[in-house]
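Novice: coordinates for the following, if possible.
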Amino acid sequence: RLSEYVTHTARTLSPSTRSSMAQCLPGTPYPIAHYVNCDNFSMRHRQFLAAITSGHEPVSFSEAVKDERWRDVMQREIQALQHNGTWEISYLPPNKKVGCKWVFKIKYKSDGTVERYKARLVIFGNHQVEGIDFTKTFAPVAKMVTVRVFLAVAAAKQWELHQMDVHNAFLHGDLQEEVYMRMPPGFQITGSKKVCRLRKSLYGLKQAPRCWFAKLSTALKEYGFHQSYSDYSLFTLQHKDVRLNVLVYVDDLIISGNDHEAIVKFKSYLSDCFHMKDLGILKYFLGVEVARNSDGIFMCQRKYALDILSEAGLLGAKPASVPLEQQHRLALVNGQPLDDPERYRRLVGRLIYLCFTRPELSYCVHVLS
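Specialist: Here you go, the predicted structure:
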């Protein structure tokens, strides 16, 4: 009944209202709406939060294939891969095949509207063998401390912040190694034993980020940018009174600068070099919501935290004022090992990433895990 409504952006109720509602309404005794407060955000930013919260991203191919929108983007992705010459159909040599899967993401514009539905075909790079399927690797992932400093400088100097996304970023890299991949889910040839021999980089390959970053960094340096030696994902440009900074996180780019016309010109240059998507003013980056006013920049992982609570089935749990009581001692527990530790590891990994905006959680996650 609530499928068309967003229920996580309600205002905090007063204690008297909470008690009266608890007496007259059935359900969980600790509804999350009592503890999620958006009063300090502008109405426009509240609308943006509502938009990114209501979007649902499938977690498997079997779930996505039921929706026509995801079927369409998967079809377009396959067509783009084939048009780019990413692979050729071939027979499989011994001990060469690597699996793949679909990963689904919704890309939002700065106003909260959906920019596009994105389906990535990701190869299982963890099955690659060093010296056979890959040699050198490098992933252009910005350090989190660099992200904070980048945003702090932009806030202090009142610079603009923009975001761009590369469409099929890893298709721009040429693959030197001999890699074979199973046919993508949903596009297998029934009864056939043929596979795909990759000619271009693909998401998930250990060498793919290195191939893509080599082309991107070359394009940025040709424009006049200098690469930082402290963080290779940071590029800076200074020409007379114009200053531009670019931060790269795989295929997401944050752009800041003191000249609007220079930023527009640089965006146009990137679009000419690669198939780029302009997402507008920076609002949502790597699971971090960015709100800005004249006083500065506020970063929050509200949606990310709610997703963790929802996945763990704890949306109705009682919140605590502190993550872990002081001098807490964990009792020794003897029991059976988990049948599927992957879910536990995923949860711990997501909690560690949550420490990006909640550093006090890092100690608790370390102790409890």
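Novice: what sits against Asp307?
Specialist: Residues counted as contacts of Asp307 (C-beta atoms under 8 Å, 6 or more residues apart in numbering): none. (Glycine included, C-beta is placed from N, CA and C.)
Novice: okay, now the unreliable bits of the stretch 51-200 of the chain?
Specialist: Residues of the stretch 51-200 of the chain that meet the criterion pLDDT under 70 lie in 95-97, 125-140, 168-174, 190-191.
Novice: which stretches in it count as strands?
Specialist: Under the criterion DSSP state E, counting those that start in this stretch, the stretch 51-200 of the chain contains strands at 87-90, 97-98, 100-108, 114-123, 160-166, 180-181, 195-198.
Novice: want to try TSV for the ones you listed, with distance to Phe356 and mean neighbour count as columns?
Specialist: TSV is the format used below for the strands of the stretch 51-200 of the chain (distance: least, C-beta to C-beta, whole Å; neighbours: other C-beta atoms under 10 Å):
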stretch	distance to Phe356	mean neighbour count
strand 87-90	36	14
strand 97-98	31	18
strand 100-108	19	17
strand 114-123	22	19
strand 160-166	17	20
strand 180-181	33	20
strand 195-198	33	22
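Novice: which among these is found nearest to Leu330?
Specialist: strand 100-108 (35.1 Å; C-beta to C-beta).
Novice: keeping just the C-alphas, turn that closest one into PDB.
Specialist: Extracted C-alpha coordinates of strand 100-108, given in PDB (Å, rounded to 0.1, in the frame of the first residue of the first chain):
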ATOM      1  CA  CYS A 100      30.300 -12.900 -15.400                       C
ATOM      2  CA  LYS A 101      27.200 -11.300 -13.900                       C
ATOM      3  CA  TRP A 102      25.100  -8.200 -14.200                       C
ATOM      4  CA  VAL A 103      25.300  -5.300 -11.800                       C
ATOM      5  CA  PHE A 104      22.500  -2.700 -11.800                       C
ATOM      6  CA  LYS A 105      22.700   0.900 -10.800                       C
ATOM      7  CA  ILE A 106      20.400   4.000 -11.000                       C
ATOM      8  CA  LYS A 107      22.200   7.200 -11.900                       C
ATOM      9  CA  TYR A 108      20.500  10.400 -10.600                       C
END
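Novice: use 42 as the first number from now on
Specialist: In the new count, where the first residue is 42, that last one comes out as strand 141-149.
Novice: could you list the residues in contact with that strand?
Specialist: 89, 92-93, 96, 98-100, 102, 105, 111, 115, 155-165, 206, 222-223, 225-227, 243-245, 318, 320, 324-325.
Novice: who does that strand pair up with?
Specialist: strand 155-164 (antiparallel) (DSSP bridges).
Novice: quick one: work out the angle between the strand it pairs with and strand 201-207.
Specialist: For strand 155-164 against strand 201-207, the angle by axes from the mean of the first three to the mean of the last three C-alpha atoms, to 10 degrees is 50 degrees.
Novice: quick one: which of the strands of the stretch 92-241 of the chain is nearest Thr277?
Specialist: The nearest among those, by C-beta to C-beta, is strand 201-207 at 15.0 Å.
Novice: picking that back up, looking at the strands of the stretch 92-241 of the chain, which is closest to Glu383?
Specialist: Closest to Glu383 of the strands of the stretch 92-241 of the chain, according to C-beta to C-beta: strand 141-149, at 14.0 Å.
Novice: gap between that closest one and the chain center?
Specialist: 10 Å (C-alpha atoms, centre = their mean, to the nearest Å).
Novice: likewise stretch 225-240?
Specialist: In terms of C-alpha atoms, centre = their mean, the centre of stretch 225-240 is set 28 Å apart from its chain centre.
Novice: output it as PDB, nothing but the C-alphas.
Specialist: C-alpha atoms of stretch 225-240 as PDB (Å, rounded to 0.1, in the frame of the first residue of the first chain):
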ATOM      1  CA  PRO A 225      26.400 -13.000 -20.500                       C
ATOM      2  CA  PRO A 226      23.300 -14.100 -18.400                       C
ATOM      3  CA  GLY A 227      20.200 -13.800 -20.600                       C
ATOM      4  CA  PHE A 228      22.100 -13.900 -23.800                       C
ATOM      5  CA  GLN A 229      23.500 -17.500 -23.800                       C
ATOM      6  CA  ILE A 230      23.200 -19.600 -26.900                       C
ATOM      7  CA  THR A 231      21.200 -22.700 -26.000                       C
ATOM      8  CA  GLY A 232      23.200 -25.900 -26.500                       C
ATOM      9  CA  SER A 233      26.300 -24.100 -27.600                       C
ATOM     10  CA  LYS A 234      29.700 -24.400 -26.000                       C
ATOM     11  CA  LYS A 235      31.000 -21.100 -27.500                       C
ATOM     12  CA  VAL A 236      32.300 -18.300 -25.300                       C
ATOM     13  CA  CYS A 237      33.500 -14.700 -25.600                       C
ATOM     14  CA  ARG A 238      37.100 -14.000 -26.200                       C
ATOM     15  CA  LEU A 239      37.700 -10.400 -24.900                       C
ATOM     16  CA  ARG A 240      39.400  -7.900 -27.100                       C
END
